[in-house]
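# Structure for this input, please:
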Amino acid sequence: MDRALQVGRGMATADPLTAEMLASAVLSVSRGELSDEAADREWADQLVERLARTRPADSLAFLTAIHVLAPPEWRDPAEAAISGLRRLGAPPPPWATALIAPRVLDAWFRNVVQVGIC
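Residues are numbered from 1 along each chain as shown. This next block holds a predicted model:
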């Protein structure tokens, strides 16, 4: 838990990709082979609770990234903590809009059809 909180330090000033990668790394901790739904929910609740009590700007940034990327069991606690931090006046991270509503800048599609010869 302490390591996860250390990862979130400075997230408010990070770029969107860094914020996404850091949040993904923390989320992956609970998604391991030994994880089950109850353990995952407990990890989510504890992390969100601790974030709600630490540096408001970094916590709001971390919770925003978690809310965007997380599975459903993380979203409700993260949303409640985000609301609480916003009521305290924590500023949204500058990248919040980019992470919440990503735009496709470029894409390509490759369609490969494998033909079997008998």
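
# who's in contact with Pro56?
Counting by Cβ atoms under 8 Å, 6 or more residues apart in numbering, Pro56 makes contact with Leu85, Leu88, Gly89, Ala90. For the C-beta atoms, the positions are set from N, CA and C on the backbone; glycine is no exception.

# For the residue nearest to it when sequence neighbours are not counted, give me its contacts.
Nearest in space to Pro56, with sequence neighbours left out and distances taken as Cβ to Cβ, 6 or more residues apart in numbering, is Ala90 at 3.7 Å. Taking Cβ under 8 Å, 6+ apart as the contact definition, Ala90 lies against Pro56, Ala57, Ser59, Leu60.

# what's the spacing between the first one and Met11?
Going back to what we said before, that points to Pro56. Noted for Pro56: a distance of 12 Å to Met11, by Cβ to Cβ, to the nearest Å.

# Now do the residue nearest to Leu88 when sequence neighbours are not counted, the pLDDT please.
Excluding its sequence neighbours, the residue lying closest to Leu88 (Cβ to Cβ, 6+ apart) is Pro56, at 5.9 Å. You'll see Pro56 listed with a pLDDT of 84.

# and what of Ala19?
So Ala19 comes in at 83 (pLDDT).

# Let's verify it: helix, strand, or coil?
helix (DSSP: H, G, I helix; E, B strand; the rest coil).

# in which helix or strand would I find the closest residue to it other than its chain neighbours?
Counting by Cβ to Cβ, 6+ apart, Ala19 lies nearest to Ala65, which is 4.7 Å off, once chain neighbours are set aside. For Ala65, the host element (DSSP states H and E) is helix 56-69.

# Kind regards, and thank you for your time.
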